[in-house]
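S.K.: fold the following, please.
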Amino acid sequence: GSYVEAETKCLNKMVTYLKDAEQSCEVFIMSDRPKTIDLLIEWLLARNCTAIAANHDLGPKIEDIAEHGPWSGAGFLLDLQVVGAVEGGVVGEEHRSSTALVIYQVDYNRRMRAFERSHEKKAKCLADLQSSE
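M.R.: A predicted model of the protein is given here:
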């Protein structure tokens, strides 16, 4: 909902690190509540970050579950599709199954990227060796 203090506290550390490292700041936002997304987008834009969120208008809204917002369920799958390639990090409550799934996805993405980089280096090395023969 409208309480995003914990998220912005963690995001502030990440944004500061990115700025210090002179890297661009792109943040993918997942939430089942529109107010949360609106507040985080506003916070990120004020810090010159790009905020990316799923288009929840494409999915169904759930109005009858008090614990969750209108974008739970199918909305989570839309969110998951948007953050599917993220490698940088995750901000969220790690004891929640939805957050745990995203954490595992980010870890998988990092490992695959590292594997691809090592494979590219080996391929370049082989190409260099073959061209020198």
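S.K.: what is the neighbour count of His68?
M.R.: Taking other CB atoms under 10 Å as the criterion, the count of residues near His68 is 14. In short, each C-beta sits where N, CA and C put it, glycine included.
S.K.: quick one: which helix or strand includes it?
M.R.: In the assignment (DSSP states H and E), His68 maps to no helix and no strand.
S.K.: for the nearest residue to it once chain neighbours are set aside, give me the pLDDT.
M.R.: Distances taken as CB to CB, 6 or more residues apart in numbering put Asp32 closest to His68, at 5.2 Å, once the chain neighbours are dropped. Asp32 carries a pLDDT value of 86.
S.K.: and Asp32, that's in a strand?
M.R.: No. If the criterion is DSSP: H, G, I helix; E, B strand; the rest coil, then Asp32 is coil and not within a strand.
S.K.: what's the burial count for it?
M.R.: 22.
S.K.: can I assume it is in contact with Leu78?
M.R.: No. Using CB atoms under 8 Å as the test, Asp32 is too far from Leu78 to be in contact (10.5 Å).
S.K.: who touches both of these two?
M.R.: Trp71 (CB atoms under 8 Å, 6 or more residues apart in numbering).
S.K.: now the element after the helix or strand where Leu80 lies, going C-ward?
M.R.: Assigned by DSSP H and E, Leu80 falls within helix 74-82. Downstream of helix 74-82, the next assigned helix or strand under DSSP H and E is helix 97-131.
S.K.: between that next one and helix 74-82, how big is the angle?
M.R.: 20 degrees (axes from the mean of the first three to the mean of the last three CA atoms, to 10 degrees).
S.K.: what about the helix holding Leu80, distance to the chain center?
M.R.: 11 Å (CA atoms, centre = their mean, to the nearest Å).
S.K.: with stretch 32-52 instead?
M.R.: 13 Å.
S.K.: measure that stretch end to end?
M.R.: End-to-end distance of stretch 32-52 (CA to CA, to the nearest Å): 15 Å.
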